[in-house]
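Trainee: Requesting a structural model of the entry that follows:
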Amino acid sequence: GIELCMNLIDLLTSSYGADPQITALVDRVEISIMPMANPDGTTARSRYNAQGHDLNRSFPDRVTDPVNSPNGRPREVQRVMNWTPDHTFVLSANFHAGALVVNYPWDATYDYHPDDAMLYQMSLGYASRNLPMYNSSSFPRGITNGVAWYLIYGGLQDWSYVWQGCNDVTIELYDTKWPAYSQIAGLWNDNRAAMLAYMELC
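Mentor: Take a look at the predicted model:
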């Protein structure tokens, strides 16, 4: 995810003014890209930060932790929580690895999300532009509802919707948690069009 976000930044900046699709996207949409949220975990090849916190289980959760306060949370989560309200995000995605699928809310409850049909179509739009993902043998058409896959509390995508009004999905980019760098060019080719099309949904 880090490398693909960096590639996306390079594509948007180097193609602006030359590629009509990218120029129009940059002109119309406020774009923020955070390539890495967990530098400690990245360095240690772990999902946990240096203090042992799983950041994607540390956000407020409407079921188990319904107080939208950064107090007492990991520093990285506090930064995201304090930074996000300064923007009016309507759409976001967070990139992980360890599977090949687009995961859409809810993660923490079995009831249907109020925008379930829209999130389903957004996820399908991404997966359909990434043929390895779309042709997954594990997830039909490369998508899954989060809680239908497995239940978690404190995830970013549920927090984004409940407290920020932002439609967020989790995109698992590759079955291997830490793919070899030699895989990055192929993963970029698989995801480039999907990333741009997803951003255009704003």
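
Trainee: so which strand or helix has the closest residue to S15 other than its chain neighbours?
Mentor: Using CB to CB, 6 or more residues apart in numbering and skipping the chain neighbours, the partner closest in space to S15 is I22 (4.3 Å). For the C-beta atoms, the positions are set from N, CA and C on the backbone; glycine is no exception. Assigning secondary structure by DSSP states H and E places I22 in helix 20-28.

Trainee: immediately after that helix, which helix or strand?
Mentor: In N-to-C order, the element after helix 20-28 by DSSP H and E is helix 39-44.

Trainee: buried stuff in that following helix?
Mentor: D40, G41, T42 (16 or more other CB atoms under 10 Å).

Trainee: mind checking the longest strand of the protein?
Mentor: strand 167-174 (DSSP state E).

Trainee: What angle do strand 167-174 and the host helix or strand of S123 make with each other?
Mentor: Assessed by DSSP H and E, S123 sits inside helix 116-128. Here helix 116-128 runs at an angle of 30 degrees relative to strand 167-174 (axes from the mean of the first three to the mean of the last three CA atoms, to 10 degrees).

Trainee: which helices and strands sit right next to the helix or strand following helix 116-128?
Mentor: Using DSSP H and E, the next helix or strand after helix 116-128 towards the C-terminus is helix 131-134. Other elements packing on helix 131-134 under the criterion 3 or more CB pairs under 8 Å, 6 or more residues apart in numbering; DSSP states H and E are strand 99-104, helix 116-128, helix 184-200.

Trainee: Which of these has the highest mean neighbour count?
Mentor: strand 99-104 (a mean of 25; mean count of other CB atoms under 10 Å).

Trainee: Looking at the nearest residue to G125 once chain neighbours are set aside now. What's its pLDDT?
Mentor: Nearest residue to G125, sequence neighbours excluded (CB to CB, 6+ apart): A197, at 6.1 Å. Predicted confidence (pLDDT) for A197: 97.

Trainee: Let me know whether A197 touches N130 as I believe.
Mentor: No. Counting by CB atoms under 8 Å, A197 does not reach N130; the two are 10.1 Å apart.

Trainee: measure the residue nearest to G125 to N56 for me?
Mentor: 25 Å (CB to CB, to the nearest Å).

Trainee: in what helix or strand does A148 lie?
Mentor: Residue-wise, A148 maps onto helix 146-149 under DSSP H and E.

Trainee: Can you spell out which helices and strands pack onto that helix?
Mentor: The contact analysis (3+ CB pairs under 8 Å, 6+ apart) places helix 146-149 against strand 99-104.

Trainee: Partner strands of the strand it packs on, with direction?
Mentor: Next to strand 99-104 in the sheet, as set by DSSP bridges, lie strand 143-145 (parallel), strand 167-174 (antiparallel).

Trainee: what about dumping the CA coordinates of that strand to PDB?
Mentor: Listed next in PDB are the C-alpha coordinates belonging to strand 99-104 (Å, rounded to 0.1, in the frame of the first residue of the first chain):
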ATOM      1  CA  ALA A  99      -5.800 -10.900   1.200                       C
ATOM      2  CA  LEU A 100      -7.000  -9.800  -2.200                       C
ATOM      3  CA  VAL A 101     -10.400  -8.200  -1.700                       C
ATOM      4  CA  VAL A 102     -12.300  -4.900  -1.200                       C
ATOM      5  CA  ASN A 103     -13.900  -5.000   2.300                       C
ATOM      6  CA  TYR A 104     -16.800  -2.600   2.900                       C
END
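
Trainee: Thank you, goodbye.
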